[in-house]
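> here are the coordinates; sequence isn't available:
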């Protein structure tokens, strides 16, 4: 068996400004139209202060209506910057200009300079203001915070005018060894001088000053989070309001990346300071979740919904104070409530039904149940859709085996103690050996040479557990090799419960998450974690994981796996029963009896019977009325 990785793409943290026209998900607005401007490209020929990207001034609410201007690379060696009339602004002592913009920065009607100047090691830097009237008298607007500067990191700095009286400064750090507690990006919103502001309770500003800061925590490799800034007047009071558009791109290996996903944070300028629009980011997150629901109903779009839903929830967790927010804004914490959770989970379940993946549909349905105890329209619709494709089969206990099954009990990973044979007979692994249970008479007899080992893994290494570590974005499988223990990232995002099913809310550490073995290969195996099918394989210390699809290869059938002898059916324990998923005829959810306490379940060929361990006994189940 070959496990093929599907990984997301990586977008380097470049010095770029992303400007958006329109608002993805804002009521009555158009989708985002991104304009990506590379500071290096802009520096190659754009004149200082020129409009390098223009957006329709009549853009709908949610998109910029101000034509933004991107700063340019400092001229020459960066020791001075020319202004109109032959004036020169000298770089501060010990500093070199990197990038800047020439504009009326103090509201006095003449061209001034706002420029970023850095120390030779580039670990320190400041944004400087020089008046066109007295260019030699430079003044510091703001300095790079101590927690942003770090040895081994290279900053990419860009500056842009994003509103009539507003600039943005973006410092993205590319670090050789990024630390988890070190920010990867710092965005500063600078309010330009505005002598005419002394009205309606606002104090006049005589020179530029820091208005707001945004910090983005260090993300795992292959993820990137940019923050676009727009300072269009949203409420018509003639003052710049601030709209932040965080965009998450890529995904942590080995998760499959969804499309780049954005949300909106909006702040209105008030005499007391910036006031956050309470409708955001809930509205933009909710609109994207509603879009996923529409995609889930179409066969052409349903395949990408699971990745899109994960991407949206990941962005939500990055922004919202209810989660471990990775994006913090000096204007205050961001509250999201339940925005997007129900619809994104509903979309994932609906997409599973659309593409014929009942395991994903039922796993997502279980998560939806955990989100709300009431039966809203989404839950009612999903129940009807599931009932059409995944019938609920009432199971009865047909026979309880006398021989006691032996082996580790979940959540410890192992090959289970039960296995059906092609004849329909059941094999039970006991402490004394293997016992065969006749499919017709239920007579029990010892079998020589039929034993199988409990440890899960090839001869070179074994899976000893799957852990949820809340400082990791995915579940971690721990493998024991000749060289010691190896951590393997699984394509299952956190948080989950001990049963492996997704949970919403704060993450809790779980030392052992339940997995269900489904098949083997010379260098690994396939397990189910909740509704996800995962292949884990490798040699030596080089072990990796990737998502796999059903049906599984026939050469991977193994005793003790939750799989029928002919390979066509797998059994997945869920919170409300056991899903029997057959390649040729779809799925059926077996419920009732003692299946709520069952583990180590295996299906017979044709899915006519199901054997599970209940408490300490092996029990054979059949559909009620069909022994």
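Looks like it arrived, so ask away. Remember, predicted model here, so these are calculated numbers, not experimental data.
> CA only for contacts and neighbour counts going forward, please
Noted.
> now the helix or strand encompassing residue 393: mean pLDDT?
For residue 393, the element it lies in under DSSP states H and E is strand 392-400. The average of the pLDDT scores along strand 392-400 is 94.
> what helices and strands are in contact with the helix or strand just after it?
Following strand 392-400 in sequence order, the next helix or strand is strand 418-420 (DSSP H and E). Contacts defined by 3 or more CA pairs under 8 Å, 6 or more residues apart in numbering; DSSP states H and E place strand 418-420 against strand 426-430, strand 598-603.
> what pairs with strand 418-420, parallel or antiparallel?
Neighbouring strands of strand 418-420 in its sheet, by DSSP bridges, are strand 426-430 (antiparallel).
> identify each buried residue in stretch 440-449, please.
Using 16 or more other CA atoms under 10 Å as the test for burial, stretch 440-449 gives 442, 444, 446.
> can you pull up the bridge partners for the last one?
The reference is to residue 446. Applying DSSP bridges, one finds that residue 446 bridges with residue 435.
> state the distance from it to residue 428.
In this view, residue 446 and residue 428 are 9 Å apart by CA to CA, to the nearest Å.
> secondary structure element for the spatially most central residue of the chain?
Nearest residue to the geometric centre of the chain (CA atoms, centre = their mean): residue 314, 3.3 Å. Of the helices and strands defined by DSSP H and E, residue 314 is found in helix 305-319.
> returning to that earlier point: between the helices and strands packed on strand 418-420, which one is nearest to residue 467?
strand 598-603 (19.2 Å; CA to CA).
> and the contacts of the helix or strand hosting residue 275?
Under the criterion of DSSP H and E, residue 275 resides in strand 273-276. For strand 273-276, the external contacting residues (CA atoms under 8 Å, 6 or more residues apart in numbering) are 265, 266, 267, 268, 269, 331, 332.
> not counting sequence-adjacent ones, nearest residue to the last one?
Okay, so that is residue 332. Distances taken as CA to CA, 6 or more residues apart in numbering put residue 276 closest to residue 332, at 8.0 Å, once the chain neighbours are dropped.
> sorry, back to before: packing partners for the strand holding residue 393?
strand 586-591, strand 617-623.
> quick one on the thing from earlier: do you know which of the helices and strands packed on strand 418-420 lies nearest residue 85?
Here strand 598-603 is closest among these (CA to CA), at 82.8 Å.
> now the element after the closest one, going C-ward?
Assigned by DSSP H and E, the successor of strand 598-603 is strand 609-614.
> give me the contacts around that following strand.
405, 418, 594-595, 597-604, 618-623.
> paired strands for it, with orientation please.
Strand 609-614 is paired, per DSSP bridges, with strand 598-603 (antiparallel), strand 617-623 (antiparallel).
> which residues does the last one contact?
It stands for strand 617-623. Against strand 617-623 from outside (CA under 8 Å, 6+ apart): 393-405, 418, 428, 608-613.
> and that strand, average pLDDT?
The average pLDDT within strand 617-623 is 95.
> beta partners of residue 590?
Bridge pairing for residue 590 - DSSP bridges - gives residue 393, residue 578.
> surely it meets residue 390?
No - contact criterion CA atoms under 8 Å: residue 590 and residue 390 do not qualify, at 9.9 Å.
> for these two, indicate the residue with more neighbours.
Ranked by neighbour count (other CA atoms under 10 Å), residue 590 and residue 390 place residue 590 first, with 26 against 23.
> so which of the helices and strands packed on strand 418-420 is nearest residue 158?
Of all these, the one in closest proximity to residue 158, counting by CA to CA, is strand 598-603 (56.8 Å).
> buried residues, the closest one. List them.
598, 599, 600, 601, 602, 603.
> looking at the residues you listed, which is nearest residue 168?
Nearest member of these to residue 168, counting by CA to CA, is residue 599, at 56.8 Å.
> before we move on, back to that, can I get the strands paired with strand 609-614 in CSV including distance to residue 480?
Formatted as CSV, the strands paired with strand 609-614 follow (distance: least, CA to CA, whole Å):
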stretch, distance to residue 480
strand 598-603, 22
strand 617-623, 30
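> for residue 212, which of these is the nearest?
strand 598-603 (54.1 Å).
> identify the residues contacting that closest one?
Contacts to strand 598-603, defined as CA under 8 Å, 6+ apart, come from residues 409-410, 416-420, 516, 560-564, 569-573, 580, 609-615.
> residue 384 should be in a helix, yeah?
Yes - when DSSP: H, G, I helix; E, B strand; the rest coil is applied, residue 384 is found to be in a helix.
> confidence score at it?
93.
> what's the local residue count around it?
11.
> gap between it and residue 439?
Distance from residue 384 to residue 439, by CA to CA: 36 Å.
> equivalent analysis for residue 565, please.
Residue 565 is 14 Å from residue 439, by CA to CA.
> who has more neighbours, these two?
Legend: neighbour count by other CA under 10 Å for residue 565 and residue 439, higher for residue 565 (24 against 16).
> for that one, report the pLDDT, please.
pLDDT, read off for residue 565, is 96.
> may I ask which helix or strand encompasses it?
With DSSP H and E as the test, residue 565 turns up in no helix or strand.
> residues contacting it?
420, 421, 422, 557, 604, 605.
> need the next SSE after the helix or strand residue 287 falls within, C-terminal direction.
Under the criterion of DSSP H and E, residue 287 resides in helix 282-296. With elements assigned by DSSP H and E, the helix or strand that comes after helix 282-296 is helix 299-302.
> in that following helix, what's buried?
Buried residues in helix 299-302 (16+ other CA under 10 Å): 301, 302.
> what does stretch 332-345 give?
So for stretch 332-345, counting by 16+ other CA under 10 Å, buried means 334, 335, 336, 338, 339, 340, 341, 342, 343, 344, 345.
> how much space is there between the second one and residue 320?
Distance of residue 335 to residue 320, given as CA to CA: 5 Å.
> same check on the fourth one?
To residue 320, residue 338 is 10 Å away according to CA to CA.
> can you tell me the SS state at the nearest residue to residue 227 once chain neighbours are set aside?
Excluding its sequence neighbours, the residue lying closest to residue 227 (CA to CA, 6+ apart) is residue 246, at 4.3 Å. Taken by three-state DSSP, the conformation at residue 246 corresponds to strand.
> surely residue 246 meets residue 230?
No - the pair residue 246 and residue 230 fails to qualify as a contact (CA under 8 Å) at a distance of 11.6 Å.
> what about these two, which has more around it?
Set residue 246 next to residue 230 and count neighbours by other CA under 10 Å: residue 230 wins out with 31 against 22.
> give me the beta-bridge partners of the more buried one?
residue 243.
> and it, what pLDDT?
94.
> so it is in contact with residue 243, correct?
Yes - Residue 230 is within contact range of residue 243, at 5.1 Å (criterion: CA under 8 Å).
> all helices of this structure, in order?
39-43, 282-296, 299-302, 305-319, 341-354, 358-371, 377-389 (DSSP state H).
> reformat these as TSV; add distance to residue 492.
Below are those laid out as TSV (distance: least, CA to CA, whole Å):
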stretch	distance to residue 492
helix 39-43	37
helix 282-296	19
helix 299-302	19
helix 305-319	10
helix 341-354	14
helix 358-371	12
helix 377-389	23
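> rank the ones you listed by pLDDT, which is bottom?
helix 39-43 (a mean of 31).
> list the contacts for residue 551?
Per CA under 8 Å, 6+ apart, neighbours of residue 551: 568, 583.
> which pLDDT value belongs to it?
With respect to pLDDT, residue 551 has a value of 89.
> any idea how far residue 148 is from it?
For residue 551, the distance to residue 148 - CA to CA - is 49 Å.
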